[in-house]
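> Need coordinates for the below:
(chains A and B, ligands or ions: 2)
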Number of protein chains: 2
Amino acid sequence: MDVRKKLSERFAGVEGGLFSNVTKADVGDGFSAMGKDKVTLMGWADPFYPDPSIPEHIKQVMIEEIQNGFPSHYIMPSGSLALRERVAKKLKQKNHLDVDPKRNILITPGSDSGLFYAMAVLLDQGDEVLVPDPSYPNNFLDPKLLGATAVSVPLAHDDGYSLDIEAFQAALTSRTKAVVLTHPNNPTTTVFRKENLEVLAEFVIKNDLMLVVDQAFEDSVFDDIEFITPASLPGMWERTITVFSISKGMGLSGFRVGYIAACDQIMDAMYGAAVNVLGASNTLAQLGAIAAFDAPDFIDPYIQSFDYRRKKAFEIFGSVPGVKIEMPESGFYCWVDVSGLGDSTDVMNYLVQEAKVAVNDGKNYGKQGNGHLRIIHGCLGSDEEAVLTMRRMADALVKYPKRNGE
Amino acid sequence: MDVRKKLSERFAGVEGGLFSNVTKADVGDGFSAMGKDKVTLMGWADPFYPDPSIPEHIKQVMIEEIQNGFPSHYIMPSGSLALRERVAKKLKQKNHLDVDPKRNILITPGSDSGLFYAMAVLLDQGDEVLVPDPSYPNNFLDPKLLGATAVSVPLAHDDGYSLDIEAFQAALTSRTKAVVLTHPNNPTTTVFRKENLEVLAEFVIKNDLMLVVDQAFEDSVFDDIEFITPASLPGMWERTITVFSISKGMGLSGFRVGYIAACDQIMDAMYGAAVNVLGASNTLAQLGAIAAFDAPDFIDPYIQSFDYRRKKAFEIFGSVPGVKIEMPESGFYCWVDVSGLGDSTDVMNYLVQEAKVAVNDGKNYGKQGNGHLRIIHGCLGSDEEAVLTMRRMADALVKYPKRNGE
Ligand SMILES: Cc1ncc(COP(=O)(O)O)c(C=O)c1O
Ligand SMILES: Cc1ncc(COP(=O)(O)O)c(C=O)c1O
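Ligands and ions are numbered 1, 2, ... in the order given. A predicted model of the protein is given here:
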């Protein structure tokens, strides 16, 4: 019996690394396995990994809660109301969304499953989703896992990777149901500008579409670029499901706490099947997250560190002949164009060998990611280590043997 | 704009309690809201809720880990290898499954999402799934959320709620893809017997189907009934995805740790999309779960307490005229036939009013659940409180005003 044939068609082609070598950082053990022989892993968007980094006030709350003994119990699948109240306050202040914590917020066990769930409530078999390319890999695979189709809409480096509405228009069909946006965009670090988002909103409304926005990196936006939450634009609240996370901005990836904001009508369905698709979120982590929202200043030095590192990354990789980099606009990683050197997979493998650093192949982020690497400087513990490791990579890249076109 | 129309057809009819009154215990706030005015909630399968109940050795490990500061970081979506090794040992000892922790085990953020994921990798649009009725509500809704159809296969009280293969045969069509089993069965407490499971296995193999088994309650099986893991039966390993949880047996619901065992071919796909559908599982909870598996004796007194309570439940509800109950075979709840009194929703509401206790309406568990209540004696902190509360219910039921047929 060939049990592969029994799998859903939606999972055809999904590989977990048991029968082939998968180096996507979050699948199987392929990426971790590269971390042998003193190879530094710079491919997980996990701040300061693996250094200790839980703020003291959060530690204290969690230790007390464990001692109290309550965290063995469930919190409802819709999430802790106390946490939802904190989130509502934050949504108002930062995102200009004035929502009812009892009706418009769902706590999710991380934002990956939140993003999947946001698409699940919208998509039917055969629907199409417009996905900017490059963007977060889940944007491409999630629709397929739901029986829908991700239609790639290219973002161009020369347009600063902004949303090209003509390209969206060209990709539109009668089956188009939604647009999925990673904002700020991972891997390009692009913070989509207000005018650009307004044109997108117009496109969405005119064509009666829905919008899913993943704002996992909203906390680290640099150079005073104005950050706009698309759901706050006129006419967009009811058309938008926004997915958030405490993994990146708060550096609490292992807590697995995310949240979703959406209108009553959508949330009614999401509350109704939350126990099915998500289950409840971890109790102790929700209690810890409350403490994090109550005193969120601990993230300021994180952002300062990421700011310092992105400038260093720009300087270091920008100095390598044949390598191109723009100043990152957000996040704690950079997007490096190595197409002048060669195929990005080759360059990635070369860096493992020669510089003892493992980074992400741009091909994971869509067709347009070809020829690029994503390098996560924020995952290392200290600024110094991050800078030294980037220098090591740059030194190796300077010596890259077979340059394209040479 | 009516945004309801924008939702996937798969979510049509899913209600979260924002526009209607939903009293399903794990949806929205309807059930919790009943817990006012000193109403005792006996409808969450959460052991000893809300009393402190984390064993000391688990507390200590978790507090140390928090102090170390690592739990802010991700563990891979496939799960902690150290935990998977503990799980492999347990699967061998208890379930007679000899598996490779690197290839056959996936840690999930609770078993609800694990159950959903198990169905997701199998089902395509239009597929049919045979679901014993009554059984766990997710068995009915999950297939619909995936665009498939749950086909109800009645279990009869007079057959001890065993699997009626003729009924399965009658429900079989060319679109049948899988059977979903809750074993032991929630809500009936039925532990399916070896001979019965062998006939089911034969049916599955003969008709080239797959089997999903949810063993969330495998730890509390009474009266020395032999517990068989269907995946361990001849020819069934490759055809079965088995879903487990530490929520029930170990009383660690709030940790949100479950696990799945399946063959390489299935697991390759599951590892490949774990980051999409599930995300990673909570880091600290996985570290706590390792401690739980290392010294699992703490569950023995839990099981003894559940055993005592089920006998009391049998005695107490069995003494009410017009009410029928069988001795529960497993778990920490009982399945009570109140059809002799009236409609189960009416009886449930009556108990909230008259006995100040909220329980689960049998209608949530399939058509056959009509006329029944599920009463969770295991959720209360002490045996004494559980017994007193059940007596309070029985006293009220004796006075139930409009008995059927009177
Ligand atoms: C853009 C984006 N969204 C979502 C996630 C998932 O984050 P989490 O599930 O930890 O909230 C990531 C993680 O790398 C990400 O980069
Ligand atoms: C039969 C059954 N399966 C699965 C679950 C979900 O458990 P968890 O997600 O906590 O592992 C429950 C919870 O009530 C259950 O009763």
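> ok, the residue in the stretch 1-150 of chain A positioned nearest to ligand 2 - contacts?
Nearest residue of the stretch 1-150 of chain A to ligand 2 (Cβ to the nearest ligand atom) works out as A:Tyr74 at 6.9 Å. Yep, even glycine has a C-beta here, placed from its N, CA and C like the rest. Contacts for A:Tyr74 were tallied using Cβ atoms under 8 Å, 6 or more residues apart in numbering or on different chains; they are A:Ala280, A:Thr283, B:Trp44, B:Asp46, B:Tyr49, B:Ser247, B:Ser253, B:Gly254.
> repeat for A:Leu373
Residues counted as contacts of A:Leu373 (Cβ under 8 Å, 6+ apart) are A:Trp335, A:Val336, A:Val338, A:Ser344, A:Val347, A:Met348, A:Leu351, A:Val359, A:Asn360, A:Asp361, A:Gly362.
> Quick check: the gap between it and ligand 2.
Counting by Cβ to the nearest ligand atom, to the nearest Å, the separation of A:Leu373 from ligand 2 is 38 Å.
> hmm, the helix or strand harbouring that residue in reach of ligand 1?
Element membership for A:Leu373, per DSSP states H and E: strand A:372-375. No: for a cut-off given as Cβ under 6 Å from any ligand atom, strand A:372-375 has no contacts with ligand 1; the smallest distance is 9.8 Å.
> What ranges does the stretch 1-150 of chain A have for its strands?
Counting by DSSP state E, counting those that start in this stretch, the stretch 1-150 of chain A has strands at residues A:40-41, A:105-108, A:128-133, A:149-154.
> that older thread, ChimeraX command to pick out the buried ones of the contacts of A:Tyr74?
Applying 16 or more other Cβ atoms under 10 Å in any protein chain shown to those, the buried members can be selected in ChimeraX as follows:
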select /A:280,283 /B:44,46,49,247,253,254
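> Run the chain-centre distance for the lowest-mean-pLDDT helix or strand in chain A.
Ranked by mean pLDDT, DSSP states H and E, the weakest helix or strand in chain A is helix A:30-33, scoring a mean of 87. From the chain centre to the centre of helix A:30-33 is a distance of 20 Å (Cα atoms, centre = their mean, to the nearest Å).
> Put the alpha carbons of it into CSV.
What follows is helix A:30-33, C-alpha atoms only, in CSV (Å, rounded to 0.1, in the frame of the first residue of the first chain):
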residue,chain,number,x,y,z
GLY,A,30,17.3,20.0,8.2
PHE,A,31,18.2,23.6,9.2
SER,A,32,19.0,22.7,12.8
ALA,A,33,21.2,19.9,11.6
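> Look up the pLDDT of A:Tyr136 for me, please.
pLDDT for A:Tyr136: 98.
> got a list of what the one residue in chain A that gets nearest to ligand 2 touches?
Ligand 2 sits closest to A:Gly279 of chain A, with a gap of 4.3 Å, by Cβ to the nearest ligand atom. By Cβ under 8 Å, 6+ apart, the residues touching A:Gly279 are A:Pro77, A:Pro109, B:Pro109, B:Gly110, B:Ser111, B:Asp112, B:Ser113, B:Arg256.
> that's a strand at it, yeah?
No: checked against DSSP: H, G, I helix; E, B strand; the rest coil, A:Gly279 lies outside a strand; its state is coil.
> Next, it: phi, psi?
Torsion angles at A:Gly279 (phi, psi; degrees, to the nearest 10) stand at phi 70, psi -180.
> Distance of it relative to B:Ser247?
From A:Gly279 across to B:Ser247, the span is 9 Å (Cβ to Cβ, to the nearest Å).
> anything in contact with each of those two?
Shared contacts of A:Gly279 and B:Ser247, defined by Cβ under 8 Å, 6+ apart, comprise B:Gly110, B:Ser111, B:Arg256.
> Look at the last one and say how many residues are nearby.
Look at B:Arg256: counted by other Cβ atoms under 10 Å in any protein chain shown, it has 32 neighbours.
> show me the contacts for the residue nearest to it when sequence neighbours are not counted.
Among residues not flanking B:Arg256 along the chain, B:Gly110 sits closest, at 4.2 Å (Cβ to Cβ, 6 or more residues apart in numbering or on different chains). If you count contacts by Cβ under 8 Å, 6+ apart, B:Gly110 has them with A:Pro109, A:Gly279, A:Ala280, B:Ser245, B:Ser247, B:Arg256, B:Val257, B:Gly258.
> can you put these in JSON lines and add distance to B:Ala386?
Below are the contacts of B:Gly110 laid out as JSON lines (distance: Cβ to Cβ, whole Å):
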{"residue": "A:Pro109", "distance to B:Ala386": "30"}
{"residue": "A:Gly279", "distance to B:Ala386": "26"}
{"residue": "A:Ala280", "distance to B:Ala386": "23"}
{"residue": "B:Ser245", "distance to B:Ala386": "22"}
{"residue": "B:Ser247", "distance to B:Ala386": "19"}
{"residue": "B:Arg256", "distance to B:Ala386": "25"}
{"residue": "B:Val257", "distance to B:Ala386": "26"}
{"residue": "B:Gly258", "distance to B:Ala386": "26"}
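> I'd like to check what contacts whatever helix or strand A:Leu397 lives in. Which residues are they?
Using DSSP H and E, A:Leu397 falls within helix A:383-398. Helix A:383-398 has contacts (Cβ under 8 Å, 6+ apart) with A:40, A:42, A:305, A:308-309, A:312-313, A:316-317, A:319-323, A:338, A:341, A:347, A:350-351, A:354-357, A:359, A:375, A:377-378, A:380.
> Would you check how far apart the closest residue to A:Leu18 other than its chain neighbours and ligand 1 are?
Excluding its sequence neighbours, the residue lying closest to A:Leu18 (Cβ to Cβ, 6+ apart) is B:Asp268, at 4.2 Å. Separation of B:Asp268 from ligand 1 (Cβ to the nearest ligand atom): 22 Å.
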